[in-house]
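1. Using only what follows, build the 3D model:
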Amino acid sequence: MKNGNVFRMLAIAFILPVLLVVLIGTPALAAPVITVSPTSGAVGTVVEITGTNFESYIGDDIFIYFDSEEIGVVVPDTGSFSFNFTVPADADAKVHWVRAKTEGGAEFKSLFTVLEAEIELAPRSGVIGSSVTVVGRGFYADKMVTFYLDNRTKGKLGTVMAGPDGEFSYSFTVPGCIAGEHMIFAENVEDSSAEAEFKVLPMATLSPASGAMGSILTISGSGFGNRNAVAIFFATTIVTYAKTNAYGSFEVAFNVPNMAPGSYEVTAEDDDGNTDKVEFTITTGASLNRTTGNIGTELAVTGTGFTAGGTVTIKYDDTEIGAFRAGGNGDFKATFTVPVSKYGSHVITVGDGVNARQMTFVVESEAPPVPVTLLPGDGDEAKAAAGFDWEDVYDPSPPINYRFQIASDQDFSSIVLDKEGLTESEYTLAAEENLAAVEKEAPYYWRVKSTDGASNESQWSSPWSFYVTAPPVPMLLLPINDSETEATAFFDWEDVTSLSPPVTYRLQVASDENFSSIVLEKDGLAGSEYTMTEEEKLAAVKKEVPYYWRVKAVDGAANESEWATPWSFYVGFAFALPAWAMYLLIGIGALLVGFVAFLVGRRTAYYQQQ
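-> Numbers count the residues shown, from 1 in each chain. Model prediction:
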């Protein structure tokens, strides 16, 4: 009994170490595991599915599911497998199971979260022109994302490509738009979209940031209300108004008011209560008592902070108006009259050689009245050196001058005369401007406009027509048609009158009715008659081949009448002797008469004696 126990004890002592060696040398089989990478992402994300510890299932079919979508795989000899899977477009934004199921029904799981499309803005408010960064996730992976401000059809901001996990980052500059909340939209081609609010804040800027009293200050604003009136305050006083455009922007200039040097808040506030403030520092300077007016307006200029006792010069644009002495504390006051200058803004500069300040004065831009035309009346006859008259025009910006035009057509496309800068409300044509005669049916036209001292022009007056006639045709008197006359013929015709004196005449005598053979031609005859000289006397001609004569009238503007209808005349034949021969014959005749008388007397006495 005792020996048997010993034997059993020895057997156990031998077997236990052997069992321990066997147990330790046999590997333990681990449980199969399914993992996904990444564990979250957007639709379109490529997910790696990995299976390990599947040695017990080598050669078996393993069925992989994404929710209910099945993907089959065969376990390789290694007992591990890995493959990629793309999250489908119809996957909802939520947690999804990725499951591995064996032929025997064993199931192993892992989780994958499909993210919802969303964006965040940094910052979430700002002014026009500031930079905003959009960070997004949950968008369709590797697809283009487009960004919009408010309106998807007009407000495109830009695009960026989403990453392989559906994330992105995009920065844009806030474009011009009105104040308040605006929606930033992000969407891609697969209709993944998200939105976030961005608040546009009003912003005002000044240029310059400091200046003297009366200097020109420009305030610009953006991010205010749509087409709103904006009041501009300097400290607590409204100095001007502006109006925003459709994008909430405005710009307006004004003169710094007369206030003591120092820092002041300039505030822009629109009808919707959108407000922004900027600081402006008043330095020494100058100011005007008024900023708009007419030519001839008296302006008062006040200055402070200039060189004590120095000479201050005032210029209107580039023209020096005058020089004035500054007081002991550098202040001065001067007046001057606005000179003749064009409508619109003009710069008034005040300087002492060290300090200079500029101010704006606006000359009125209202046109003067249209002149009322008087003479010649519409449709009237006028002389070639016509005189034109119209009513005086009065305007608050003198002096008034006129522009006068004559044309040969009612549209004034063919200008005959154009006179500018006329200081009187009338004009008479000079000799070199005399008008040629025209038909009443094709007259001249005239019009006039006025211009004031600010270069403001009125409209043209309504065109009036007038015409200039040539002198009438002279009526022939002597020699009578088809009559005989002396060789030194006398010609006479009726006087002609014209609106353009003096009237002169042109006389022609020809040996043919067509006046191709001119015998006598006289120009510039002042009277309505002419007697031929001995040198001009005509040779005798038969009645059947007469001379012809005609006359035309010419007025002081060289306008000619038509020729009078020609009349004919002829010169009879005559025996002509020199004067000495004539006297000799007369003497001989007298002697013959005396001798005959003597003979008759003797015969008479003889018969009486018988």
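2. Tell me the strands beside the helix or strand hosting Y505, with direction?
-> With elements taken from DSSP states H and E, the one containing Y505 is strand 504-510. Sheet pairing of strand 504-510 (DSSP bridges) gives strand 518-525 (antiparallel), strand 547-554 (antiparallel).
3. Give the buried residues for stretch 526-545.
-> S528, Y530, M532, L538 (16 or more other CB atoms under 10 Å). Where you see a C-beta, it was placed from the backbone N, CA and C, and this is true even at glycine.
4. partners of the helix or strand in which the second one is found in the sheet?
-> Here Y530 is covered by strand 529-531, with elements defined by DSSP H and E. With DSSP bridges as the test, strand 529-531 is paired with strand 490-493 (antiparallel).
5. Not counting the strand it pairs with itself, show me its contacts.
-> Strand 490-493 is contacted by residues 474-479, 505, 507, 528-532, 549, 551, 564 when judged by CB atoms under 8 Å, 6 or more residues apart in numbering.
6. So of these, which two are at opposite extremes in space?
-> Pairwise distances across the contacts of strand 490-493 peak at 20.4 Å for M475 and M532 (criterion: CB to CB).
7. I64 looks like it's in a strand, true?
-> Yes - assessed by DSSP: H, G, I helix; E, B strand; the rest coil, I64 belongs to a strand.
8. Can you tell me the closest non-neighbouring residue to it?
-> Spatial nearest neighbour of I64, chain neighbours left out: I71 (4.3 Å); criterion: CB to CB, 6 or more residues apart in numbering.
9. Check the spacing between the one you found and K101 real quick.
-> Per CB to CB, to the nearest Å, I71 is found 11 Å from K101.
10. With T153 instead?
-> 50 Å.
11. rewinding a little: tell me, what's touching I71 and K101 both at once?
-> Common neighbours of I71 and K101 (CB under 8 Å, 6+ apart) are F63, I64, Y65.
12. and the first one, what does it touch?
-> Taking CB under 8 Å, 6+ apart as the contact definition, F63 lies against E70, I71, G72, V73, A100, K101, T102.
13. Name whatever forms a beta bridge with the closest residue in space to it that isn't next to it in sequence.
-> Nearest residue to F63, sequence neighbours excluded (CB to CB, 6+ apart): K101, at 4.6 Å. Note on K101: beta-bridge partners by DSSP bridges are F63, E107.
14. what's around K101, how many residues?
-> 16 (other CB atoms under 10 Å).
15. give the contact list for it.
-> Contacts of K101 (CB under 8 Å, 6+ apart): I62, F63, I64, Y65, E107, F108.
16. Looking at the fifth one now. What's its pLDDT?
-> The predicted local distance difference test score for E107 is 86.
17. what does the fourth one give?
-> Y65 carries a pLDDT score of 85 in this model.
18. Low-confidence bits of the stretch 201-350 of the chain, can you list those?
-> For the stretch 201-350 of the chain, the stretches with pLDDT under 70 are 212-214, 260-261, 284, 329.
19. Name the residues linked to the residue nearest the centre of the chain by a beta bridge.
-> Nearest to the mean C-alpha position of the chain, by CA atoms, centre = their mean, lies G344 at 16.0 Å. Legend: beta-bridge partners of G344 under DSSP bridges are V363.
20. in terms of contact, does it touch S365 like I think?
-> Yes - with contact defined as CB atoms under 8 Å, G344 reaches S365; the gap is 6.6 Å.
21. Please parse the protein into its domains.
-> What automatic domain parsing lists as the domains of the chain is 33-114, 118-200, 203-283, 285-363, 373-466, 476-571, 578-610.
22. mind listing the helices for the stretch 351-500 of the chain?
-> Counting by DSSP state H, counting those that start in this stretch, no segments of the stretch 351-500 of the chain form helices.
23. Please enumerate the strands of it.
-> Assigned by DSSP state E, counting those that start in this stretch, the strands in the stretch 351-500 of the chain fall at 356-363, 373-375, 380-381, 387-390, 401-407, 415-422, 426-428, 444-451, 464-467, 476-478, 483-485, 490-493.
24. what packs against the fifth one?
-> Think strand 401-407. strand 415-422, strand 444-451 (3 or more CB pairs under 8 Å, 6 or more residues apart in numbering; DSSP states H and E).
25. what sits up against the last one?
-> Read that as strand 444-451. Residues outside strand 444-451 that contact it (CB under 8 Å, 6+ apart) are 368-371, 373, 376, 388, 390, 393, 395, 400-410, 412, 416, 435, 438, 457-468.
26. before we move on, the earlier item: hey, which of the helices and strands packed on strand 401-407 is tucked in deepest?
-> strand 444-451 (a mean of 23; mean count of other CB atoms under 10 Å).
27. What is the neighbour count of R290?
-> By other CB under 10 Å, 12 other residues sit near R290.
28. Contacts only, for it.
-> T297, L299, F361.
29. which stretch of helix or strand covers the second one?
-> Secondary structure from DSSP H and E places L299 in strand 298-304.
30. list the buried ones in that strand?
-> Going by neighbour count (16+ other CB under 10 Å), the buried part of strand 298-304 is L299, V301, T302, G303, T304.
31. which residues of the stretch 351-500 of the chain score low on pLDDT?
-> Looking at the stretch 351-500 of the chain by pLDDT under 70, you get an empty list.
32. Now do the residue lying closest to S171 once chain neighbours are set aside: how many residues are near it, please.
-> For S171, ignoring the flanking residues on the chain, the nearest one in space by CB to CB, 6+ apart is T133 at 4.7 Å. Counted with other CB under 10 Å, residues neighbouring T133 total 12.
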